[in-house]
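> got a structure for you, letters missing:
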């Protein structure tokens, strides 16, 4: 999922306009989509791609259309540290949505207070796309999250995790790894950096079971199954599911959310485990009742 600057002037495709409920299982009451974005029209110049607008109403329609009760908005890299669109959306849907923000290392306490009041429960670091902050000041972000009672979400890949995994294991707050570590599944499940990701999970990290369409180009993304199952087997109580709506920075065929939920049924065939991923685990991490 490394983004190239050659795509800045190419507008990404929009999401599938007809979200549907899965037919392989019933989405449980209280299910949480833990990864989505709302997108405006003012972008930072250092972005790695240009997405079309994605409104709060469109996102809520997707949640309703797929049977999801709650959602988590993640500040998108193209808006940098301007979290206002996300905060406005959170304020209008306080019971249903939570947020993960992006802030500069020198963020003021007053801004952190505003984020918390609006339902932000974590900060995101980003080593893959322009418009974010990487691992350079991870100690500072660890301190912020510890003070605020938040987690630290990492948009990164397993190569970068391998470089800093010792430091990550020493952090004082929970870490959440986006999109199954953006791992190249063609390299196989015995790859050393995949084993490092599993080691971080065993030591307490969380993983978002999301972004399969970014990791795979085979039908139904079937080559991701073994990897997702290994994450679930390692830490079944610290895996959550995300739609990654509206699938920004991607120029392939847009997935239907129902198909991504069908894939979850392959990743977690046991209903009790799958329901925990969609509900109990996510409720605990994001503070839904």
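Perfect, thanks for sending it. None of these values were measured; they are calculated from a predicted model.
> of all the residues in the strand or helix carrying residue 258, which ones are buried?
Using DSSP states H and E, residue 258 maps to helix 257-267. Across helix 257-267, burial judged by 16 or more other C-beta atoms under 10 Å covers 257, 258, 260, 261, 262, 263, 264, 266, 267. All C-beta atoms are positioned from the backbone trio N, CA, C, and that covers glycine.
> buried ones in the next helix or strand after that helix?
Proceeding N to C from helix 257-267, the next assigned helix or strand is helix 271-278, under DSSP H and E. Residues of helix 271-278 classed as buried by neighbour count (16+ other C-beta under 10 Å): 273, 274, 275, 276, 277, 278.
> point out where this protein drops to low pLDDT.
Confidence mapping of the chain against pLDDT under 70 gives the ranges 1-9.
> show me where it has strands.
Counting by DSSP state E, the chain has strands at residues 32-36, 70-74, 97-101, 120-126, 151-155, 175-177, 206-209, 239-241.
> separation between the nearest residue to residue 260 once chain neighbours are set aside and residue 86?
With C-beta to C-beta, 6 or more residues apart in numbering as the criterion, residue 260 has its nearest non-adjacent residue at 6.2 Å, and that residue is residue 243. Residue 243 sits 16 Å away from residue 86, taking C-beta to C-beta, to the nearest Å as the criterion.
> what of residue 280?
Distance, residue 280 to residue 86, by C-beta to C-beta: 25 Å.
> higher neighbour count, those two?
residue 86 (28 against 16; other C-beta atoms under 10 Å).
> so how far is stretch 272-283 off the chain centroid?
16 Å (C-alpha atoms, centre = their mean, to the nearest Å).
> so that it lines up with my notes, have the first residue be 58 from now on.
All right, first residue 58 from here; so that's stretch 329-340.
> closest to the centroid, which residue in this structure?
residue 92 (4.0 Å; C-alpha atoms, centre = their mean).
> quick one, what contacts that residue?
Each residue near residue 92 by C-beta atoms under 8 Å, 6 or more residues apart in numbering is listed here: 129, 131, 235, 265, 267, 299, 300, 301.
> put together JSON lines for the residues you listed, with distance to residue 344 and neighbour count on each row.
Below are these laid out as JSON lines (distance: C-beta to C-beta, whole Å; neighbours: other C-beta atoms under 10 Å):
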{"residue": "129", "distance to residue 344": "10", "neighbour count": "25"}
{"residue": "131", "distance to residue 344": "15", "neighbour count": "24"}
{"residue": "235", "distance to residue 344": "19", "neighbour count": "26"}
{"residue": "265", "distance to residue 344": "17", "neighbour count": "25"}
{"residue": "267", "distance to residue 344": "19", "neighbour count": "24"}
{"residue": "299", "distance to residue 344": "16", "neighbour count": "21"}
{"residue": "300", "distance to residue 344": "19", "neighbour count": "24"}
{"residue": "301", "distance to residue 344": "21", "neighbour count": "26"}
